[in-house]
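J.: Sequence plus predicted model, see below.
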Amino acid sequence: MLPEKVFLKLLNKKFLTELIGEPVGEYSVSTGSKQGDNVAGSLLAVNIRTLKREILHIVIKTPPYDNPGSYRYVKTHRVFDLENRFYGFLVPELKALYKSRGGSEAELNLSVPRYFGGNSDYLALEDVRPLGFKMADKYKGLSFPEVRLFMQCLGRLHASTYSYIKEHGEKIFAQEENRVFNNCPIRNHYMPELDTMAENAFNSVYNHGIELLSRKHEVLGGKLKKYAPVPHERMLAVYNQTDKRYFPVISHGDIWVNNLIFKYETVIKNGLPVEEAQECMILDFQQTRRENIFWDLLYFMYTSTTPEFRKEFLVPSLNVYYETFVEVAGQFKTPVPIGFTKGWLLEEFLRNVPNIFAYMPFAISLQLGDFTVLGLKSPSPVSEDELEKELPWEGYHAQLVDVCTALLEYSPLAMARLEAIALELNDMGVFDF
């Protein structure tokens, strides 16, 4: 990867002209996100005026240069190679297959931003925020109009990649460039010797979360220890059922409210003006991978909606996903999997609910944790030597555990969300053995 000062030096008119394919007249660069919103990357917002007077808004994602631990994770797990492979290879492939089946390429709306280019050092996408898109409040659960739009997006993505795999077979994942789709957070295809350390780190974060819950809910804490005596095995349970019980797709892998962006319009409800989501786009494909449909469905539902929402809208939400999947698979002229019905989808979703909680202490800590408790309000500059220093992997995983446990312990909103999920699943009998 390029050092930060080298990349920023390259970010000039010549670079931008080659990127967008138009001569650049003027441009400006600013910070593209709030601190804590992008753990595995930093965003630059670039506003461009071409010589033809066209205005373009681009977001350029770079490695997290101010965080040596996250920088090394990004570098070793090749997450920029993966995300560029998704946008630069897979999206055009899906559109080409769709078109070959009689559809118009423009009609396959995968609900992802326009891709300009990238490599191991950066990713450049259209910035759709000037078009009216914005993120929902990550501290509140999404509404049904928002979830309905997202389920349509996810159904299209899963059905398209399912059709692509059915068309081309497993040989696509054997190609060197596509091996990046074979990773998952606890399984590093490139450095399998790190798997045990990753397992231990995730186990430690889970156990700390349970310890915190036990201080307020002693009986529940005891159940949670029995529920996942080896936490990482629970975490991998959904992933490991791919091909054995469930058909493969290419998932997003980390789909929650902060990786979505919505466009709203003001509508009148009960005589009052309210904002209601009209469009949705999916962002941040740094964890996209070959697996089954249930990880995205479970992970989204339990990180981005409330217990009250799930009680009322789980079935309608899954129905939207199912109907979209069937419709899009039909447009690809691909038969849906045998036995794939609304009833089966709900049954298998509920069957896997017990597996999702093991991942929640880790996910919730990074999603809703207050990063200011780590002293990261104004990160000090990190030297190139420090950034490239080969910290022992044991040290990296220890840092990950320290960060997640601190975010849980000192972030009341994160703990409240974790507690709400635990109590909901306890009421469902998930932890009774």
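T.: In hand now; what should we look at? Numbers count the residues shown, from 1 in each chain.
J.: Dihedrals phi and psi, the residue nearest the centre of the chain?
T.: In the chain, the residue lying closest to the centroid (C-alpha atoms, centre = their mean) is Asp254, at 2.5 Å. Main-chain torsions, Asp254, degrees, to the nearest 10: phi -150, psi 50.
J.: ditto for Glu26
T.: phi -130, psi 160.
J.: Could you find the closest non-adjacent residue to the residue nearest to the centre of the chain?
T.: Spatial nearest neighbour of Asp254, chain neighbours left out: Gln287 (4.0 Å); criterion: C-beta to C-beta, 6 or more residues apart in numbering. Bear in mind the C-beta positions are built from the backbone N, C-alpha and C, glycine included.
J.: The one you found against His252, yeah?
T.: Yes - the criterion here is C-beta atoms under 8 Å, and Gln287 meets it with His252 at 7.1 Å.
J.: re the thing from before, distance check, the residue nearest to Asp254 against Ile250.
T.: For Gln287, the distance to Ile250 equals 11 Å [C-beta to C-beta, to the nearest Å].
J.: Those two: which has the busier surroundings?
T.: Ile250 (24 against 21; other C-beta atoms under 10 Å).
J.: Need the per-residue pLDDT for the more buried one.
T.: Here the pLDDT value assigned to Ile250 is 97.
J.: Please name the residues that touch Ala414.
T.: Ile364, Ser365, Gln367, Leu368, Gly369, Asp370, Leu407, Leu408 (C-beta atoms under 8 Å, 6 or more residues apart in numbering).
J.: can you rerun that using 7 Å?
T.: Ile364, Ser365, Leu368, Gly369, Leu407, Leu408 (C-beta atoms under 7 Å, 6 or more residues apart in numbering).
J.: if we can go back for a sec, tell me if I'm right that the residue nearest to the centre of the chain and Thr288 touch.
T.: No - under the criterion of C-beta atoms under 7 Å, Asp254 is not in contact with Thr288, lying 8.3 Å apart.
J.: Verify the stated contact: the residue nearest to Asp254 with Ile255.
T.: No - when contacts are counted by C-beta under 7 Å, Gln287 is not listed as touching Ile255 (8.8 Å).
J.: residues near Asn47, how many?
T.: Quick note: Asn47 (other C-beta under 10 Å) scores 15 neighbours.
J.: and what of His217?
T.: Neighbours of His217 (other C-beta under 10 Å): 17.
J.: ok, it to Ile261 distance?
T.: Remark: distance between His217 and Ile261 (C-beta to C-beta) = 36 Å.
J.: where exactly do the strands run in the stretch 51-200 of the chain?
T.: 55-62, 115-119, 122-126, 133-134 (DSSP state E, counting those that start in this stretch).
J.: Can you give the distance of the first one from its chain's centre?
T.: Centroid separation for strand 55-62 versus its chain: 20 Å, with C-alpha atoms, centre = their mean, to the nearest Å.
J.: what inclination does that strand have with respect to strand 115-119?
T.: Here the directions of strand 55-62 and strand 115-119 differ by 30 degrees (axes from the mean of the first three to the mean of the last three C-alpha atoms, to 10 degrees).
J.: so where's the stretch 251-400 of the chain shaky on pLDDT?
T.: 376-393 (pLDDT under 70).
J.: redo that, cut-off 80
T.: Within the stretch 251-400 of the chain, the stretches with pLDDT under 80 are 375-397.
J.: quick one, strands of it?
T.: 260-269, 272-282, 289-291.
J.: for those, which one sits closest to Phe144?
T.: Of all the strands of the stretch 251-400 of the chain, strand 272-282 sits nearest to Phe144, with 9.7 Å by C-beta to C-beta.
J.: about what we covered before: contacts only, for the residue nearest to Asp254.
T.: With C-beta under 7 Å, 6+ apart, Gln287 has these contacts: Pro185, Gly253, Asp254.
J.: And the second one, how far from Ile186?
T.: What it means is Gly253. 12 Å.
J.: Over to the last one?
T.: The spacing between Asp254 and Ile186, counted by C-beta to C-beta, is 13 Å.
J.: That concludes my questions; thank you for your assistance.
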